[in-house]
Structure formats: C-alpha cells, structure tokens
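>>> got a structure for you, letters missing:
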C-alpha cells in the first residue's frame, strides 16, 4: 500500500479535509504554521499535516525532498490511535527514504528551509 491507497481508503469528508490541508502546504510551503502542520513525534525529519487545524482524525505525514513535499503515509492522529500513528510514521519514514534515494538526495530536512520556488508540492511518495 502507498499514500495514494491510504488516501483512497479515507471517508470522502476526510479526503476533502486532507486536500484542503495539502493546498495550504502548497500555498505556504515550509512556513505553514501550527495548528496546520507540526513535527511528527516518532519519526525524525517527518512532519504531519493537521487537517481542520487538528480536528481531523487523518494525518498526512510528509517531508520535503529537494523542492517537493512528498506525503509518505496517511495515518490516524496520535492521540486517538498512538500505535496506528507510530506505524504510519514508520511507513512514511521508509517510503520517504526511498523517495530521497530515487531523487539522489539524502537526509531529509524535515520540511524546513527555503523553497526553491515553483516546485510541485504535496505529492504522494
């Protein structure tokens, strides 16, 4: 399974919330503030989108690879399902490492730093 399939398994209402959060990431890049984005506890260099400012049960987990933000996994929020969130973080970290290898980039920067501008953002890994 990949992030696209995980997205497809979300209820329609949550898919809309996730897409709205992705659009915010596209508009603001690495400056997207809390409560819309935050560090994903349990996965170094992975960040979480927080649809509906954290009121959504879905958490897209992402990292910036070059000038593109890739979503590595979509899991539950950590408060309601800590084990599910930890598993999603592990999946995201693995998938995002693979994406970095494909792109010839190592050591994700956790979504921080300047955007190269004009790059595509919010792509599933």
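Received the coordinates, thanks. Everything numeric in this text was worked out from a predicted model, so none of it was measured. Numbers count the residues shown, from 1 in each chain.

>>> Show the residue spans covered by the strands in the chain.
Assigned by DSSP state E, the strands in the chain fall at 37-39, 47-49, 58-65, 68-76, 123-124.

>>> List just the one of these that sits closest to residue 20.
Set against residue 20 and scored by C-beta to C-beta, the strands of the chain come closest in strand 47-49, at 9.7 Å. Every C-beta, even on glycine, is put in place using the N, C-alpha and C of the backbone.

>>> Show me what the closest one packs onto, helices and strands only.
helix 12-28, strand 37-39, strand 58-65 (3 or more C-beta pairs under 8 Å, 6 or more residues apart in numbering; DSSP states H and E).

>>> which helices and strands does the last one pack with?
Judged by 3+ C-beta pairs under 8 Å, 6+ apart, the packing partners of strand 58-65 are helix 12-28, strand 47-49, strand 68-76, helix 82-103.

>>> Residue 34: neighbour count?
Residues lying near residue 34 (other C-beta atoms under 10 Å) number 10.

>>> Please name the nearest non-neighbouring residue to it.
Nearest in space to residue 34, with sequence neighbours left out and distances taken as C-beta to C-beta, 6 or more residues apart in numbering, is residue 50 at 7.8 Å.

>>> and the gap between that neighbour and residue 40?
Distance of residue 50 to residue 40, given as C-beta to C-beta, to the nearest Å: 10 Å.

>>> so the residue nearest to residue 34 makes contact with residue 35?
Yes - assessed by C-beta atoms under 8 Å, residue 50 is found in contact with residue 35 at 5.5 Å.

>>> who's more crowded, these two?
With neighbours defined as other C-beta under 10 Å, residue 50 and residue 35 compare such that residue 50 has more, 22 against 10.

>>> Now the common contact residues for residue 50 and residue 40.
Shared contacts of residue 50 and residue 40, defined by C-beta atoms under 8 Å, 6 or more residues apart in numbering, comprise residue 59.
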